[in-house]
Each structure stands twice: as C-alpha cells, then as structure tokens.
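> This is a predicted model, with the sequence first.
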Amino acid sequence: MKTTTSLLLCLFLFIIFSGITTFTFGQSPTPLAANGRLKLTGVQLTNETGQAVQLRGMSSHGLHWFDQCFTQASVQALARDWGADVFRAALYVDEGGYLSNPTGLTAKMNQLVGWTAQAGMYCIIDWHILNPGNPNDRLPQAIDFFRTMAQTHAGKKHVIYEICNEPNGVDWNTIKQYADQVIPVIRQYDSEAIILVGTPQWGQKPQDVLNNPLTGANAYNVMYTFHFYATSHFFQDDVDNVSNRIPMFCSEWGTPDYSGNGSVNYQNAQAWLTLMAGQNRGGQKISWTNWNFADKAETSSALNPGSCNNQQWNNTSPSGTWVKDKILNPADSWAGATPPPPANQPPTVALTTPTNNATFTAPASINLTATATDADGTISKVEFFSGSTKVGESSSSPYSFNWTNVAAGTYTLAAKAIDNAGVTTTSAQVSIRVNNPPTQPPTPPTSATGEILGANCASVNAVLSFTLNPVNMPNATAFSWWANGSTQRITPGSAGQVSVNFGPWFSGGQVCVGVNYSAAPWYKQFCKNVSRCGSGARVAASVEEAEDLVFPNPSADCFTFIAKRAIQGVSVTDAMGRERIRLGAVPVGQTVSFGNGLNAGTYLLHLRYDAQTRRTVKLVKAGQ
C-alpha cells in the first residue's frame, strides 16, 4: 500500500550491506481487500475481523462543477500515487446539482462507485445538503435517491452512505427526524453498510447528539460526522469529550478557513490530525476525507488550476502537497489484514423459454424461464428484459416470470443474472412475435325453431350464445351444458342460456344440455347440431382491421377515430357479444375517444351511418 521514503531508504541500505543482489517486493493488498466490509465495534470503526481502522482520503468538490476531475484515471491515481483509502463523492443537491440533473448525476455516482471498487478504495455516497440547511426540505428526493443507490449497490463492501452533508439552521432533533426516515430506506436493501449522519451547525456540534441519539435499528452501523477548517475552527475539546461515547467520522476538513479559501493553518490542522489518529480520551481512530480533490482556484483545492483538463493528478497545490503527505505518512498498517480474495467469477445464465422465433396471440401471456448458476457464490436474482426494458424478475430457482397482456409486435428478450457480489451476466437474446388475434366473425344465421335456439354453424374461434327453447323451460330447475367437436370453453349464463367459445380446432359437433325438472319427465336431454361455417372469408370480410380508421389499435389506453361522415350511432361489444359502450350521434369531422375503462381483450366497434349502411371494426385492448 503506502511506502514511505524512510522505509525505501532502509530497504536499500539493507540490500547493499547484506550483499543481497535482488529483492522482490510483494504487492500490498488494497484497503478494500485488506479490510473487507467495515462495521462498528463499540464507537470504533473496524474491519471484518474487528480490528480498528482509520481511513484517510479525499473528498471531491461538486460533481456537477468539476466533472473533468473525477475520472477512472484520477481515481486510480488517488489509490496508486496518493495512497488514499477512501473517496467521497460530493453530490450537491441544490445549487445546480442533483435536482437539476438527477439522471446524469446518478449515472456519474454509479461510475464512481464502480471505479473506486476497481481501485480497491472505499466510496462515500455524499448527499451534499448545504443550501437549504434543513435536510427535511429535500426529504422526498433523498428517499428516492437513497432507495435507488441502495438497490443498485446493495451488498458492495466498499460503499458508505452519507445522508446529509452539513445541516445548518436547525437543531439535532430536526436532523434526527430526517435520519429516522432515510435510514430505513437504505436498510431495506443494504442491511450492513456504514451510514454517516451530519450534525448541527455545519457539522460542528457532534456533542448535541448525546441527549437524543439514534436508537434501535436506526443506530446500527451509524456514525456521526463533524467538519472543520483549520483557520476557523478550534473545537477539538468538544470532539475529544465525546470520543468515548459516539462513533465519529470527519467526512470533510480543510487547511484554510471555512470558505475553503484564505490563508492556511497547518499547525491547527496537525492538531486535528493528531486528535483523529487516536490521541483522544476514547482512543478512537477517526477516519477522514480532505476537502477537496479538484483544481478550483481556491486554497483548499488539492490540485493547481488546469490540472484536471491536462490529467495532471499529482500537480498539487501547497495545501494538496501537505495533505497528500498526511495520507501517505504514516503508511497504512492494517491490523489483522485479510489476504485479497480471489477474483469473482461471473455467473452463467440462459433464457430457456420462450424459444427463438416463437409466436403468440395478443393479448399474450408469456412464461419467461431461465437457468442461472454461479461457480463461486450464489445467484441473487435473475431479471428479464424486453429490449432495454425490464419486465420482471425472479429471486429463486426455477427462475421464471409470467409476462401478461403483451400487445402485438416483435420482441427481443434476454435474461440477466446477478450474483451475490453484484457481478452480472446477460444471456443470448431470443426473438418472438406476438400476432393480432384472428378476426371474430359475426354471429351466423340461427334457427328460430328447435329444442335449442342458436347458430346452425360456427367459424373457428367464434363465441356464440345458445338458449333452450322456451317450450322446454316450464318446471326446469337445473341445466348441464356440454359440447363436442373440439370446443374450447363453455360458459353457462342465466337459466337456459350458455356461451360457447368454439376455439381454433372446431370442425363441427353438437351443443347439448341436460335439464332437471321438478315434475315429470324429471330429466330430459336436448342437443343441437352445429357445423363449421363454410365460407369464413365472406363473413369475416365485414369486420375490418381498419388501422387507418381507429388509432392507436392495439391500444393500452384509449381508442380514437375521426368521423369522416355523420354517424347515427356508435357501440362497442366484447367477444361474448355484450354491449360495453354506447355513444350517440357523431357529426362529421368530430374526434371521438373511448375505451379507457375496457379490460385487455378483443372488441368490435359498430358504426351505424344510416338504416342501410353499417361498419364494424375490430379493436385490440392491450394490458397496461
């Protein structure tokens, strides 16, 4: 990790005077590899083995102001050349920050979390509350942000959450009210991570916590922050007095005054560093990040102006030179350091159903199934995607999800497996086609006589109604309907009535009913022969797809058409022939929107222009 000049000199002299001609340096583990997941032991921040840890590193300036300073190369330089253990990503909330560009700055934060992991550093996700000073003013946005962060980075050992940078103008009880609402949101997804909570007066009053500290689950692995600027702040006694009672983290400090500018006070800065190194009544080693790793033209910036655009990550200002030395010296000496873990192997995943080029009929119900394994861990979950849109997920094997109400169209599907270390693998893609449902033909001619009244023939996929002849109804008490000839579904209606869905394989058969009577003949069976309609094309031709008349069609919301001529009446019926919508006359040129309340399915729009002219259009309502 960090190697001091004196250590190198001693090694050099040892080689010369002992006559050894070669010496191989072992690669030191990174802070993350050496310490793993951090935790609190009493008031002390410790590593996975319970050994005390003091992290030393740098805080960014505002991510939205100095984006060019925070790159993968600069993060690597901080780890390699500066010996930083931790990087604090300062996400300003107001002042042109997150609220002005939530999508872009969320993506930037995710990049920094990834880059610090690769560099073996810890990363503080800093919700940089400053103006306004009451964190509750931005509570809804904070909850949304930390929910997203915790969902995205749950289980990553190097992530630390700082939920309010510098509360000001409010007391501790107000800050605690905010923390009690934000911490559970993080814990819902990330149960073990360290969480930092700001204290009053820009982080200068950690002692105010003592009378009403966070408790219960909201106090687990939670630390309180304080901030100082060496030329302005001399409240070391306040920190010393509570060092044995509350866990603390100095997430921001600077060498000049509180503005970040002006003259430096290295003597007072060193007094603070000595206190944080463990020279306090609690013996607490207090971790810190210095403000700031950027090239702004002000005293506290660690880089000289222009350094970032030129990628000169070691072109340090006077303050930066002094702070860099304090990070490097003394060198880290991790007690109970753990060896670097083996590289994580990515999981494997395959989408098993549906198969490539499979076809379905809208509104489709499609079962998505995948197999996933992880050679060196476990599968946390499998997510299913249509293109770039996530449609569902499964967290247990067998990994499957039922995707319902899928509208007509072509879809590219894939499955993504996520292992317990957050590493992902995406399966090969599968293409499927969802077709519009076949046209529902109008009801064919029916018999007015016979034991059962209804159509004499049925087309494939037709849904028709049949009724027992009223002459057979007296004293009838119960009805048992059935059909043969490969029908798909029989749905009894009111007494003596039934609806039959003849399905795609109907070739002819009978519709029958058994009737119980309260008097003789007590029971009787009636049947009606139903053939397959011969010229389905002629019957179906009167039902139009007419995408140019009604739009959009299919629709997940409402349908719209413009009357090209005067319409006397408008109605919509479902697949059972039941009227669902009735509208009055529509004058020429009027725009009509309807169907918002219809469930997913197939419907017919009936337009009556006059006594002789009618038009029927098929509608497909997709699921939302």
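Thanks, I have the structure now.

> going forward, measure contacts and count neighbours with C-alpha atoms only.
Will do.

> Can you find the helix or strand in this protein with the smallest mean pLDDT?
helix 536-540 (a mean of 35; mean pLDDT, DSSP states H and E).

> Identify the bridge partners of residue 59.
residue 88, residue 291 (DSSP bridges).

> Quick check: phi and psi at the residue lying farthest from the centre of the chain.
Going by C-alpha atoms, centre = their mean, the residue of the chain most distant from its centre is residue 520, 68.0 Å out. In terms of degrees, to the nearest 10, the main-chain angles of residue 520 are phi -50, psi 140.

> Then residue 454?
The phi/psi pair for residue 454 (degrees, to the nearest 10) reads phi 160, psi -170.

> Report the buried residues of the longest helix along the chain.
What stands out as the longest helix in the chain, according to DSSP state H, is helix 102-119. Judged by neighbour count using 16 or more other C-alpha atoms under 10 Å, the buried positions of helix 102-119 are 105, 108, 109, 112, 113, 114, 115, 116, 117, 119.

> circling back to that earlier point, and the gap between the residue farthest from the centre of the chain and residue 177?
79 Å (C-alpha to C-alpha, to the nearest Å).

> quick one: average confidence on the helix or strand where residue 161 lies?
In the assignment (DSSP states H and E), residue 161 maps to strand 159-162. Average pLDDT, strand 159-162: 98.

> Render the CA-only coordinates of that strand in PDB, please.
Output of strand 159-162 as PDB, limited to C-alpha atoms (Å, rounded to 0.1, in the frame of the first residue of the first chain):
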ATOM      1  CA  VAL A 159     -19.900   1.600  -0.200                       C
ATOM      2  CA  ILE A 160     -20.600   4.100   2.600                       C
ATOM      3  CA  TYR A 161     -23.800   6.300   2.600                       C
ATOM      4  CA  GLU A 162     -23.600   9.900   3.900                       C
END
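
> quick one on the thing from earlier: residue 591: which of the buried residues of helix 102-119 is nearest?
Lowest distance from residue 591 to those (C-alpha to C-alpha) belongs to residue 105, with 42.9 Å.

> I figured that closest one hits residue 64, correct?
Yes - counting by C-alpha atoms under 8 Å, residue 64 is a contact partner of residue 105 at 7.2 Å.

> Identify the contacts common to those two.
Common contacts of residue 105 and residue 64 (C-alpha atoms under 8 Å, 6 or more residues apart in numbering): 91, 97.

> what's near enough to touch residue 529?
Residues near residue 529 by C-alpha under 8 Å, 6+ apart: 456, 508, 509, 510, 511.

> ok, how many other residues are close to the residue nearest to residue 297 when sequence neighbours are not counted?
Leaving aside its sequence neighbours, residue 297 sits nearest to residue 305 (C-alpha to C-alpha, 6 or more residues apart in numbering; 5.7 Å). Neighbourhood size, residue 305 [other C-alpha atoms under 10 Å]: 17.

> Could you pull up phi and psi at residue 348?
Per-residue torsions, residue 348: phi -110, psi 150 (degrees, to the nearest 10).

> Read off the pLDDT value for it.
We have a pLDDT of 94 for residue 348.

> what about it, neighbour count?
So residue 348, with other C-alpha under 10 Å, has 19 neighbours.

> That one contacts residue 377, doesn't it?
No - the criterion here is C-alpha under 8 Å, and residue 348 misses it with residue 377 at 11.5 Å.

> between the two, what contacts are shared?
By C-alpha under 8 Å, 6+ apart, no residue touches both residue 348 and residue 377.

> can you give me the strands for the stretch 151-300 of the chain?
With DSSP state E, counting those that start in this stretch as the criterion, the stretch 151-300 of the chain has strands at 159-162, 195-197, 222-229, 248-254, 288-293.

> Redo those strands as CSV? Include mean neighbour count.
Putting these into CSV (neighbours: other C-alpha atoms under 10 Å) gives the following:
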stretch, mean neighbour count
strand 159-162, 24
strand 195-197, 25
strand 222-229, 25
strand 248-254, 25
strand 288-293, 28
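
> so which of the ones you listed gets nearest residue 87?
strand 288-293 (7.3 Å).

> I'd like to check the angle between the closest one and strand 222-229, please.
50 degrees (axes from the mean of the first three to the mean of the last three C-alpha atoms, to 10 degrees).

> Report all helices and strands that strand 288-293 contacts.
Helices and strands touching strand 288-293, by 3 or more C-alpha pairs under 8 Å, 6 or more residues apart in numbering; DSSP states H and E, are strand 56-60, strand 86-92, strand 248-254.

> Just the CA atoms of the helix or strand following that strand, as PDB, please.
Counting by DSSP H and E, the next helix or strand C-terminal to strand 288-293 is helix 318-328. C-alpha atoms of helix 318-328 as PDB (Å, rounded to 0.1, in the frame of the first residue of the first chain):
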ATOM      1  CA  PRO A 318       0.500  23.900  -1.500                       C
ATOM      2  CA  SER A 319      -2.400  22.600   0.500                       C
ATOM      3  CA  GLY A 320      -2.700  19.500  -1.700                       C
ATOM      4  CA  THR A 321       1.000  18.700  -1.200                       C
ATOM      5  CA  TRP A 322       0.700  18.900   2.600                       C
ATOM      6  CA  VAL A 323      -2.500  16.800   2.700                       C
ATOM      7  CA  LYS A 324      -1.100  14.200   0.300                       C
ATOM      8  CA  ASP A 325       1.900  13.700   2.600                       C
ATOM      9  CA  LYS A 326      -0.500  13.200   5.600                       C
ATOM     10  CA  ILE A 327      -2.300  10.500   3.600                       C
ATOM     11  CA  LEU A 328       0.900   8.700   2.700                       C
END
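
> which residues are in contact with the helix or strand just after helix 318-328?
Toward the C-terminal end, the helix or strand that comes next after helix 318-328 (DSSP H and E) is strand 348-353. Residues outside strand 348-353 that contact it (C-alpha under 8 Å, 6+ apart): 367-374, 414-417, 425-430.

> Out of these, which end up buried?
Buried among the contacts of strand 348-353 (16+ other C-alpha under 10 Å): 368-374, 414-417, 425-427, 429-430.
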